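Visitor: A predicted structure for the sequence below; I have some questions about it.
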Amino acid sequence: DVKVTQSSRYLVKRTGEKVFLECVQDMDHENMFWYRQDPGLGLRLIYFSYDVKMKEKGDIPEGYSVSREKKERFSLILESASTNQTSMYLCASSFGQVGSPLHFGNGTRLTVT
Amino acid sequence: KNQVEQSPQSLIILEGKNCTLQCNYTVSPFSNLRWYKQDTGRGPVSLTIMTFSENTKSNGRYTATLDADTKQSSLHITASQLSDSASYICVVSALRNAGNMLTFGGGTRLMVKP
């Protein structure tokens, strides 16, 4: 069974702090994604990666960066956390073939105070 | 602009009853449509995928339909159980040169009461 593991379930950070969210998948998936989920807005794509060291901006990349140094690991970085980045962050992975399902982690609820 | 609209936003039903969730989309060119179930505090899990040529597909008590002409899909849940309480998210995939592009609906929150 595919497992996507996010390093923290809950995080509380202060405004201006640098925040790292880590995600690891164990199925040798080519694609990895970071989404944020907010009530009334659904899931919105922040960044995705289709290969090691490759990254593409999603719909809302401002204020975020990512790193993919190894195939199984995809990190989301908040360079200087702000209160409007308080949200649920979901990592997902998938094979590269068209139609492959996303496999999600259980999310990290980040609160920025 | 690609959009996916789901209705209703929320729904409360009694255990054992049936229900139908709707998904309307304006995504082009269409590749496929997936329904995901998201339990509280968990990530979404794929229930079923519908491609252009498929009208109906079942997964246990879940039956998805697709009308590619009207760009509508539905998810029908039969004989609901308390464990069906979750958010259901419709995700439509569009073909792009660089691969698929996904558009998410806002979800329907279903509560099944005993």
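Guide: Good, I have the coordinates. Residues are numbered from 1 along each chain as shown, chains lettered A, B, ... in the order given.

Visitor: so what's residue 91 up against?
Guide: Answering for chain A, as no chain was given. By Cβ atoms under 8 Å, 6 or more residues apart in numbering or on different chains, the contact set of residue A:91 is A:4, A:6, A:21, A:23, A:25, A:32-35, A:74, A:76, A:104-105. Quick note: C-beta positions are derived from backbone N, CA and C, even for glycine.

Visitor: The chain in question should be chain B.
Guide: Going by Cβ under 8 Å, 6+ apart, residue B:91 touches A:102, B:4, B:33, B:34, B:35, B:36, B:102, B:103, B:104, B:105.

Visitor: Now the residue of chain A found nearest chain B: closest residue in space that isn't a chain neighbour?
Guide: Using Cβ to the nearest Cβ, the single residue of chain A nearest to chain B is residue A:104, 2.8 Å away. Leaving aside its sequence neighbours, residue A:104 sits nearest to residue B:43 (Cβ to Cβ, 6 or more residues apart in numbering or on different chains; 2.8 Å).

Visitor: part of a strand, is the one you found?
Guide: No. Assessed with DSSP: H, G, I helix; E, B strand; the rest coil, residue B:43 is coil; it does not lie in a strand.

Visitor: buried stuff in the helix-or-strand element of chain B with minimal mean pLDDT?
Guide: Lowest by mean pLDDT, DSSP states H and E among the helices and strands of chain B is strand B:101-104, with a mean of 89. The neighbour-count check on strand B:101-104 (16 or more other Cβ atoms under 10 Å in any protein chain shown) flags B:102, B:103, B:104 as buried.

Visitor: So, low pLDDT: which residues of the chain?
Guide: I went with chain A, as the question did not name one. Along chain A, the parts satisfying pLDDT under 70 run over A:1-2.

Visitor: was after chain B, sorry
Guide: Within chain B, the stretches with pLDDT under 70 are B:97-100.

Visitor: check which helix or strand covers the residue sitting nearest the centre point of chain A.
Guide: In chain A, the residue lying closest to the centroid (Cα atoms, centre = their mean) is residue A:34, at 2.7 Å. Assigned by DSSP states H and E, residue A:34 belongs to strand A:31-38.
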